[in-house]
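Engineer: I'd like to go over a predicted model; first the sequence, then the structure.
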Amino acid sequence: MTLDLKVYDNGDHTCLVWLPRDGKPIAGCRGFTVRRLKNGKEDYLHGFVGFSDDDKFDPQVPWKFPVQRFMWWDYGVQPGDKVQYSVVPVTGSKDSLQLDTADASPLTAEMSISGQATPHMSAYFNKGIIATQWVSRELNNAPNKNTILAQVQQKGNSLRNALSGLLRPEIVSLLEETRQNNGKIYAALYELNDPELIQELTSLGQRCNLILANGAFKSNTPPGNDENAAVRAQLRGKINLFDRIVTKGHFAHNKFVVFCDANGTPQKVLSGSTNWTYTGLCTQANNGIIVEDANVAADYLEAWNRLKDAENDYPPELVQGNSTASTYTVDGCKITPWFVKSSAAQDLQFARQLINAASEGILFLFFNPGVFEQDPVHWTLLQNILERHNPSDANYNPNLYMCGVVNQVIPQLTTPGAPPGGGPSATMDPTAAPPNPVTLYKNGVEPPQRLSHDVMVPQAIKQQFHNWAQELLGAGIVNIHSKVIVLDPFGANPVVMTGSHNLGFKASSANDDNLLIVQGNAPLAAAYAINIVAIYQTYRWNGHVEQHLKDPHMWHGLVDNDGWQQGYLSGNGLDELNFWMGEKKTGQSSAATAASKPAKVPAAPIKSVSTRETKHRVAAAARSSLVVRPKATKAKNRGPRGKRRKP
């Protein structure tokens, strides 16, 4: 008997999932350790909890702190590292542990760590302050909001570099590369205060074309109508600056940049959830997605020009232009960029159809998608996702795996309130829940497990616990700022949705936003999926710690027998592991049949675009930006941190 192992990589970390090949518990197993070869050097990944409160970690035998689970993460990797893994059972009683190498998984083939999902698509993540141990240790076990905010503004600061992960270096690399090649950028930004990024924009001079919004403004009149007033004055005359000062009821919320060559020909685009602030880069959980395709970049440049022409308003031309979308083929997958404000939430209609067709699993990160609504047309995509576990919904699927984190407390979605239209359900009806619950969606359990909002709505560990230090819950108001939905990441039709869009009706009907929907890119979907589950597991662990602090008798460490495996190798635990192993059984039931039906909304206006038409679009987008008419050029392949890579 041996173990089967799957390894997923997103540049920031790897995720390992394994199962016994025969599906049976391993006799005498007290957990697992992960043997790792990194750049040819062997070491072991281990847990952080022993068999009792008093167990002390011995770095000479790290595997004696095994992990009693079938999923683990390696955060000790960097882009370019060459890694191989083998999961080894640890057997025997707690006082006589040994490595069971006979049942270990075969050493995996060597893989190179990279944020590059496919040749022309990549995703990058920061670390943020997701209430994690290493941040506490970096600050000498005394997390302090003011200390963190001071350090993350300093270019070159070690904490800033660590918290910003691969995301900040990648943004800087893109800007520096553009300057070195005498290229141009067209950016639309909601907020801007990061000193390093401001310096990079300024260094581009008039080759930087920036639509700068008024951020999280407080009023319609100066000085409260412009959060970015100071940096706006700083940049005036140094770059090609365009103001977009919208009024209450709207937010000019984009965070995208189109990168062009010296002729102004669109080459690639950066989108995602990241505000260009030191908190956006460092303290919030964020993502950036790069598409190196001239046609997709031209679509974003067209949207940029619509915003420029709209000035501070939302004229019909802007809304009409945003209300249809085109689909492009990049690396064999479909990419559909949506821009809002739209006329009738066409972007959400398109997304809903994909959500309702998901057959294996849905993972998500939400910041603040909006309020609970009775009318399905006004639902946030979070509400649409949760309805997939509602027996009264036409797209009900009880076998659908769900896992995610919501940053906000949302009445009637993450707290008690009235059930949705269509009658009460085990999923959405919170009337029987304890005060202030959060519904934790995982493994397709019906009814879902209800936990304190300290878990799903981020909550730090407040006290010392075992070897886990006191943690700080986010240096800013926001902890989860990513807006991501991943559908069926290991299935035949994986989908990733991300961008600046908060994935709700408010954004679609009132804001400047973009939503990039990618269908069929399995490596990209896996990269986002493991980012989501890592964040989820952090808060899930915090929930265990909170419960332990309230009732110290409930758990004291690892189990000194092999019975702990049973919950993972049967029922919902096994279903979850099969999902991550890419062996999810969807079950052809009435629920699965319902899930294949289209959403209860009309089809959104969309078309596939031919190569000839996209070349015309590239040229048209460039002309409208007041540059010499160019020819479309193929986007160059690009590795992590700006390094060129052979196709």
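Structural biologist: Noted; the coordinates are in hand.

Engineer: what bits of the stretch 351-500 of the chain have low per-residue confidence?
Structural biologist: 414-478 (pLDDT under 70).

Engineer: Just grab the bridge partners of C15 for me.
Structural biologist: Y8, W73 (DSSP bridges).

Engineer: Please look at it and L45 and confirm they touch.
Structural biologist: No: C15 is beyond contact range of L45, at 11.7 Å (criterion: Cβ atoms under 8 Å). Bear in mind the C-beta positions are built from the backbone N, C-alpha and C, glycine included.

Engineer: got any residues that touch both of these two?
Structural biologist: Contact criterion Cβ atoms under 8 Å, 6 or more residues apart in numbering; residues shared by C15 and L45: 72, 74.

Engineer: any chance you could map the strands in the stretch 301-450 of the chain?
Structural biologist: 325-330, 333-340, 361-366, 401-406, 437-440, 449-452 (DSSP state E, counting those that start in this stretch).

Engineer: Deepest-packed of these, please.
Structural biologist: Most buried of these by mean neighbour count (mean count of other Cβ atoms under 10 Å) is strand 361-366; its value is a mean of 26.

Engineer: quick one: that strand to chain centroid distance?
Structural biologist: 9 Å (Cα atoms, centre = their mean, to the nearest Å).

Engineer: With only the CA atoms kept, save that strand in PDB.
Structural biologist: Only the C-alpha atoms of strand 361-366 are listed here, as PDB (Å, rounded to 0.1, in the frame of the first residue of the first chain):
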ATOM      1  CA  GLY A 361     -17.300  22.800  -6.600                       C
ATOM      2  CA  ILE A 362     -17.200  26.500  -6.000                       C
ATOM      3  CA  LEU A 363     -14.500  28.400  -4.100                       C
ATOM      4  CA  PHE A 364     -14.700  32.100  -3.400                       C
ATOM      5  CA  LEU A 365     -13.300  35.100  -1.700                       C
ATOM      6  CA  PHE A 366     -15.600  38.100  -1.300                       C
END
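
Engineer: Give me the residues contacting that strand.
Structural biologist: 285, 355, 380, 382, 385, 388, 400-408, 480, 482-491, 502-503, 528-529, 532-533, 535, 579, 584.

Engineer: need the helix or strand of this protein with the lowest average pLDDT.
Structural biologist: Ranked by mean pLDDT, DSSP states H and E, the weakest helix or strand in the chain is helix 590-595, scoring a mean of 30.

Engineer: hmm, back to that, may I see the strands of the stretch 301-450 of the chain arranged in a markdown table, with distance to N181 as well?
Structural biologist: Shown next, in a markdown table, are the strands of the stretch 301-450 of the chain (distance: least, Cβ to Cβ, whole Å):
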| stretch | distance to N181 |
| --- | --- |
| strand 325-330 | 22 |
| strand 333-340 | 24 |
| strand 361-366 | 34 |
| strand 401-406 | 39 |
| strand 437-440 | 48 |
| strand 449-452 | 51 |
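
Engineer: Who are the contact partners of the residue lying closest to D309 once chain neighbours are set aside?
Structural biologist: Distances taken as Cβ to Cβ, 6 or more residues apart in numbering place E317 nearest to D309, at 7.1 Å, with adjacent residues excluded. Residues near E317 by Cβ under 8 Å, 6+ apart: 306, 309-310.

Engineer: Do you know the pLDDT at A262?
Structural biologist: On pLDDT, A262 comes in at 97.

Engineer: S173 versus that one, what's the distance?
Structural biologist: 18 Å (Cβ to Cβ, to the nearest Å).

Engineer: One more: L235?
Structural biologist: 21 Å.

Engineer: A262 and S173: which has the busier surroundings?
Structural biologist: S173 (17 against 14; other Cβ atoms under 10 Å).

Engineer: The more buried one: which element?
Structural biologist: helix 167-180 (DSSP states H and E).

Engineer: Could you check the angle the helix or strand following that helix makes with helix 167-180?
Structural biologist: Next in sequence after helix 167-180, counting helices and strands by DSSP H and E, comes strand 184-189. Between strand 184-189 and helix 167-180, the angle comes out at 140 degrees (axes from the mean of the first three to the mean of the last three Cα atoms, to 10 degrees).

Engineer: and the direction of strand 184-189 versus that of strand 333-340, what angle?
Structural biologist: 60 degrees.

Engineer: Mind listing residues that contact whatever helix or strand comes next after strand 184-189?
Structural biologist: Once the chain leaves strand 184-189, the next helix or strand it forms, by DSSP H and E, is helix 195-203. If you take Cβ under 8 Å, 6+ apart as the criterion, helix 195-203 is touched by 153, 155, 168, 171-172, 175-176, 179, 187, 192, 208, 210, 231, 234-235, 238-239, 276, 278, 281.

Engineer: What remains of these if I keep only buried residues?
Structural biologist: 153, 168, 171-172, 175, 179, 187, 192, 208, 210, 231, 235, 239, 276, 278, 281 (16 or more other Cβ atoms under 10 Å).

Engineer: Among those, list the two that are farthest apart in space.
Structural biologist: For the buried ones among the contacts of helix 195-203, the maximum inter-member distance is 22.6 Å, found between Q153 and R179 (Cβ to Cβ).

Engineer: Any idea how many residues pack against V319?
Structural biologist: V319: 18 neighbours (other Cβ under 10 Å).

Engineer: ok, it - contacts?
Structural biologist: By Cβ under 8 Å, 6+ apart, the contact list for V319 reads 341-343.

Engineer: Kindly give a single ChimeraX line that selects the buried subset of these.
Structural biologist: Command for ChimeraX that selects the buried part of those, burial taken from 16+ other Cβ under 10 Å:
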select :341,342
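
Engineer: Tabulate the contacts of V319 in CSV, adding columns for pLDDT and distance to V7.
Structural biologist: Converted to CSV, the contacts of V319 look like this (pLDDT from 0 to 100; distance: Cβ to Cβ, whole Å):
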residue, pLDDT, distance to V7
K341, 97, 42
S342, 97, 40
S343, 97, 45
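
Engineer: can you give me the helices for the stretch 51-200 of the chain?
Structural biologist: 133-138, 145-151, 158-163, 167-180, 195-203 (DSSP state H, counting those that start in this stretch).

Engineer: Got phi/psi on A507?
Structural biologist: The phi/psi pair for A507 (degrees, to the nearest 10) reads phi -60, psi -40.

Engineer: Next, work out how far apart C403 and T274 are.
Structural biologist: Distance, C403 to T274, by Cβ to Cβ: 22 Å.

Engineer: Tell me where the model's unsure across the stretch 51-200 of the chain.
Structural biologist: Using pLDDT under 70, the stretch 51-200 of the chain drops low at 130-144.

Engineer: go again using 90 as the cut-off
Structural biologist: 52-57, 75, 127-151, 158-159, 162-163 (pLDDT under 90).

Engineer: tell me which element D43 is part of?
Structural biologist: Element membership for D43 (DSSP H and E) is strand 41-45.

Engineer: Can you give me the domain assignment for this protein?
Structural biologist: 3-113, 118-329+607-642, 346-495+518-564+573-595 (automatic domain parsing).

Engineer: Tabulate the ones you listed (a markdown table), appending distance to D512.
Structural biologist: Formatted as a markdown table, these follow (distance: least, Cβ to Cβ, whole Å):
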| stretch | distance to D512 |
| --- | --- |
| domain 3-113 | 28 |
| domain 118-329+607-642 | 4 |
| domain 346-495+518-564+573-595 | 13 |
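
Engineer: What is the burial count for the nearest residue to I355 once chain neighbours are set aside?
Structural biologist: Of all residues not flanking I355 in the chain, N384 sits nearest, at 5.4 Å (Cβ to Cβ, 6+ apart). Using other Cβ under 10 Å, N384 is surrounded by 25 other residues.

Engineer: pretty sure N384 contacts Q353?
Structural biologist: No: with contact defined as Cβ under 8 Å, N384 does not reach Q353; the gap is 10.2 Å.

Engineer: Could you list everything the closest residue to I385 other than its chain neighbours pairs with in the sheet?
Structural biologist: Leaving aside its sequence neighbours, I385 sits nearest to I362 (Cβ to Cβ, 6+ apart; 5.4 Å). Here I362 sits in beta bridges with M402, L487, going by DSSP bridges.

Engineer: Distance-wise, check I362 relative to L16.
Structural biologist: 22 Å.
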